[in-house]
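Engineer: prediction below, plus the sequence it came from.
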Amino acid sequence: MSNSKKSKKQPTSPKDQNLEQFREEGRNKTMTTNQGVKVNDTNNSLKAGERGGTLLEDFILREKITHFDHERIPERIVHARGSGAHGYFELYENQSNYTKARIFTDTNRKTPVFVRFSTVAGSKGSADLARDVRGFSTKFYTEEGIFDLVGNNMPIFFIQDAMKFPDLIHAVKPEPDREIPQAASAHDTFYDFVSLTTETLHNHIWVMSDRAIPRSLRMMEGFGIHTFRLINEEGKSHFVKFHWKPLLGVHSVTWDEAVKIHGADTDFHRRDLWEAIEAGHYPEWELGFQIVPEEDEHKFDFDLLDPTKLIPEEMVPVQRIGKMTLNRNPDNFFAETEQVAFHPGHLVPGLDFTNDPLLQGRLFSYTDTQLSRLGSPNFHELPINRPINEVHNNQRDAHMRTTVNKGKTAYFPNSIGGGCPHLAKMAEGGFTSYEERIDASKIRERSESFNDHFSQPALFYRSLEEWEKNHVAAAYTFEIGKCTYDHIKKRMLYVIAQIDNELAKKVAKGIGMEIPKEIDNPINQAIGADADVQKYQPGKKKNYLDKSKALSQTHLKSDSIISRKIAFLVSDGFDGDDMMKVKKELEEKGAVPQLIATHGGTVKCDKGDEHKVDAALLTTESVLFDAIFVPGGEKSLEALLKEAKAKKFINEALKHCKAIAVNKEGEKLLDETYGKNFKDDASVYINDSVTNFIKGIANHRNWKREEKAQDIPA
Ligand code: HDE
C-alpha cells in the first residue's frame, strides 16, 4: 500500500498530459467574458440610471446568466450518484497465453485509468449509504484505444435479458405517482417485481447482505459480471470473468450505522475516497481472471452466458494478474466524474464479447444514453473520454465538434486523400471479432439452461457466517416490512422459502405473517397462464457445492489499518503522553487518529501543551469512526462524563461492534456506559497494548459481540 504524503498534480501519465491541455485556472489572471473581453464589474448590471431599468444590451449580464441557466445536464438514468478518481494499472505477468491485448501482455506498461464508483437507484444528490449495488467502472486508456470494464461490486445481475432492464429500473426507482422513496428499494413496486421475477433473487440476496452497505468504496470487490472472451495471437478464445480484489479487504457497516451515517454525512463514501487519496493512502485492487477454456463451456451446472450466475472460486480459481492504484483526485467533478462516458462495448484487440443476452443489450444502451445525457455523438472528444492514442476516421461534424478535420475527403475508399486514413490491416492489424460459428433459428425465447433461479442464492446464503445470515434476515424483514400490500409480502416469503426455509421463517416472524404453503405460480399469475409459460419456470434447486469461501466477508479481510479513522475522546487535562504514544503507533500503521473534544479550537493536555481539535463532539458522530480511544486524565474524564454525547459515542461504537481502548482514568467513561457490561469483550481494551488495539481495528468488527450488543438502546 503506497503511503506517500500528497497526491501529485503534475502531469504524470499520457492521460494526464492529454488532460493538461484542457485545464484552466484563474489564479493571477484577469477576468474576461467567454469571448475574451476583459471585465471590470461582475457585481452590477448595466442600468438606465442608478435606480433605472436594466438594459438588454448588457452582454456581460446576458452571458453570465445564460451560461448559468444551462449548467445542468440530465443525470444518468441509473448510477446517477458517483465518485471518481484517476490512477494506473500495472500487469504482474504476461498473459499472452490467453490474450493479445497489450495491457495484459506488456509488463512494462503503466496504463492510466479513471474509475467511477456509484450507487444505482438514487439521484445524483442522494445519500452514499443507501442499501444498493455499487457500480465499479474502469476506463483503461491503453495505447491501442479505450477499454472500459463497466462492472458492479456484486458478481451477478438481477436479470438475464436486456429486455427486462427498463422493468427492473422502473420497479426500483421512486414510485412514479409520488416520487417516493429516494435511493431505496424498500417499497411495493420493487418487491412486486422481484417476487414475480425469480431470476432477480440471486442479485437480490446479495443486496440484502452487507455487500450493499460498504464501509468504503475502497473496501469492496468489483466484478465484470458477464463472461467475456480473451483472444490470443493464434485467434484462440478463452472465456473470462473479471474480478477486482481490494487490498484493504472487504468491509461493511451495519444497517443501523448506515441509517445514522445518512444523517451525519450523506457524502460519507465520496469524502472517504477523496480524503484517502489526498492523504496518500492510495486505494489498490488486484485484477483477477477466472479463465474457462472454450471446450469446458458446458461442463458447469449453470450456463456461462447467464449473468445471474457466478462461477464459484472453488470451481475456477481467480488468478491475480495485475494491480490498479488510484492516486489522483479529479480537478473538476463535472468535467471528469460527471462527463465520463463508459461503455461495455469499448474493447481493444484481444478481448471480445459473448452471447450473454444482457451484455448484448448493454452494447446498444450505453452510446444511446450518452447521446441524451451529453447531447452529441462527439462525447468522445470531451477531455476525460479522449483516448491517449490518435483517432482518425471519416466521421464528421455534429453538435459541439472540436476536432478540425483537414482535407477534402471524408469517405473511404478515396484516391484524392491517398486512401487515408488507411485500414489497420495494411499496417499492423486492428480489431477483428472472434469468428464464432453460428447456425441457429431466429427466436424470441429464453434458453432453458437459464431456468435455475434458486441454487445460487441458496449457495450464497449457506456460505455466510452466522452474523452475516442475521444481517440478511434483518434486511429482508426491514425491506418487506416496508411494503404495504399483503399479497406482495406473502409472495416474497414464498420465494425466500425456496432459497432457504429457515431464512424465510425468520423473516415471516419479523413481519408477523405465515409462510404460504402454496401460492399460485407467481409468473403465471402475473402474465396469465398458458402452455408456454411452464417452460420458463425456475427449475429445481441444485446443490453442486456446499459452501464457497469467497462469498463470505469473513474470509476477505486484510491486516491493514491504513486510513482507518480513530476517535480520541478528550477534554482539557487529558494524559498527553498517553495520547501521543497511542497516536504515534496508530499513525505508523497508517491509521488516522482524530482528536474529538468537548469543545472546538484547541485542548490542553495535563502538561499544558495545546493540541488542535479535529472536531467538537457537537459536530461529529460515533458512526463516522472505525474505533475509539479514551486516554487517561482525571480532569478530562470529569468533563467527558458530563457530556451525554461522549457516552453516546461509546454506546454506539459498542453496538456497532467496534474496537474500543481505554487507558487509566479513561475506564471511567466505559463504566458510565453500556461498556461496563462488555469489559471482557475481545475487542474492548483496558490498559492493553496498542498492538492489540491495532489487531482489533484491523479485524474491523467483533461480530461475536453483536447478539448481546444489539440490546443497547443506542
Ligand atoms: Fe448499466 N447502464 N445497464 N449495468 N451501468 C448505465 O449508462 C444498462 C448493467 C453499470 O459510472 C447507463 O452511461 C442496461 C450491468 C455501471 O458512468 C445505461 C443494462 C452492469 C454504470 C445503462 C445494464 C451495469 C451503468 C446509465 C441491461 C454491471 C455506471 C448511464 C442490459 C456489469 C457507469 C450510462 C458510470 C450505467 C444501461 C446492466 C453496470 C442507461 C440497458 C449488468 C457501473 O446506459
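Structural biologist: In hand now; what should we look at? Residues are numbered from 1 along each chain as shown.
Engineer: which residues touch the closest residue to residue 669 other than its chain neighbours?
Structural biologist: Excluding the flanking residues, the one nearest residue 669 by CB to CB, 6 or more residues apart in numbering is residue 630, at 5.2 Å. Every C-beta, even on glycine, is put in place using the N, C-alpha and C of the backbone. The contact partners of residue 630, by CB atoms under 8 Å, 6 or more residues apart in numbering, come to 568-570, 637, 640, 650, 660-663, 666, 669-670.
Engineer: a strand runs through residue 366, doesn't it?
Structural biologist: No: applying DSSP: H, G, I helix; E, B strand; the rest coil, one finds residue 366 to be helix, outside a strand.
Engineer: before we move on, the earlier item: could you measure from the residue nearest to residue 669 over to the ligand?
Structural biologist: 41 Å (CB to the nearest ligand atom, to the nearest Å).
Engineer: coming back round to it: can I get the contacts of residue 630 in JSON lines including secondary structure and pLDDT?
Structural biologist: Putting these into JSON lines (DSSP: H, G, I helix; E, B strand; the rest coil; pLDDT from 0 to 100) gives the following:
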{"residue": "568", "secondary structure": "strand", "pLDDT": "98"}
{"residue": "569", "secondary structure": "strand", "pLDDT": "98"}
{"residue": "570", "secondary structure": "strand", "pLDDT": "98"}
{"residue": "637", "secondary structure": "helix", "pLDDT": "98"}
{"residue": "640", "secondary structure": "helix", "pLDDT": "98"}
{"residue": "650", "secondary structure": "helix", "pLDDT": "98"}
{"residue": "660", "secondary structure": "strand", "pLDDT": "98"}
{"residue": "661", "secondary structure": "strand", "pLDDT": "98"}
{"residue": "662", "secondary structure": "strand", "pLDDT": "98"}
{"residue": "663", "secondary structure": "coil", "pLDDT": "97"}
{"residue": "666", "secondary structure": "helix", "pLDDT": "97"}
{"residue": "669", "secondary structure": "helix", "pLDDT": "97"}
{"residue": "670", "secondary structure": "helix", "pLDDT": "97"}
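Engineer: how about those in JSON lines, adding distance to residue 420?
Structural biologist: Output for the contacts of residue 630, formatted as JSON lines (distance: CB to CB, whole Å):
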{"residue": "568", "distance to residue 420": "66"}
{"residue": "569", "distance to residue 420": "70"}
{"residue": "570", "distance to residue 420": "71"}
{"residue": "637", "distance to residue 420": "79"}
{"residue": "640", "distance to residue 420": "75"}
{"residue": "650", "distance to residue 420": "72"}
{"residue": "660", "distance to residue 420": "69"}
{"residue": "661", "distance to residue 420": "69"}
{"residue": "662", "distance to residue 420": "74"}
{"residue": "663", "distance to residue 420": "74"}
{"residue": "666", "distance to residue 420": "75"}
{"residue": "669", "distance to residue 420": "76"}
{"residue": "670", "distance to residue 420": "76"}
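Engineer: residues from the protein in reach of the ligand?
Structural biologist: 76-79, 82, 116, 118, 135, 137, 150-152, 157, 162, 165, 225, 307, 341-342, 358, 361-362, 365-366, 369 (CB under 6 Å from any ligand atom).
Engineer: just the buried ones from the residues you listed, in ChimeraX syntax?
Structural biologist: Here is the ChimeraX command that picks out the buried ones among those, judged by 16 or more other CB atoms under 10 Å:
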select :76,78,79,82,116,118,135,137,150,151,152,157,162,165,225,307,341,342,358,362,365,366,369
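Engineer: show me the residues of the chain next to the ligand that map onto strands.
Structural biologist: 82, 116, 118, 135, 137, 150, 151, 152 (DSSP state E).
Engineer: quick one, what contacts the second one?
Structural biologist: Under the criterion of CB under 8 Å, 6+ apart, the contact list for residue 116 reads 82, 83, 84, 135, 137, 337, 340, 342.
Engineer: quick one: which of the residues you listed is nearest residue 471?
Structural biologist: residue 135 (22.2 Å; CB to CB).
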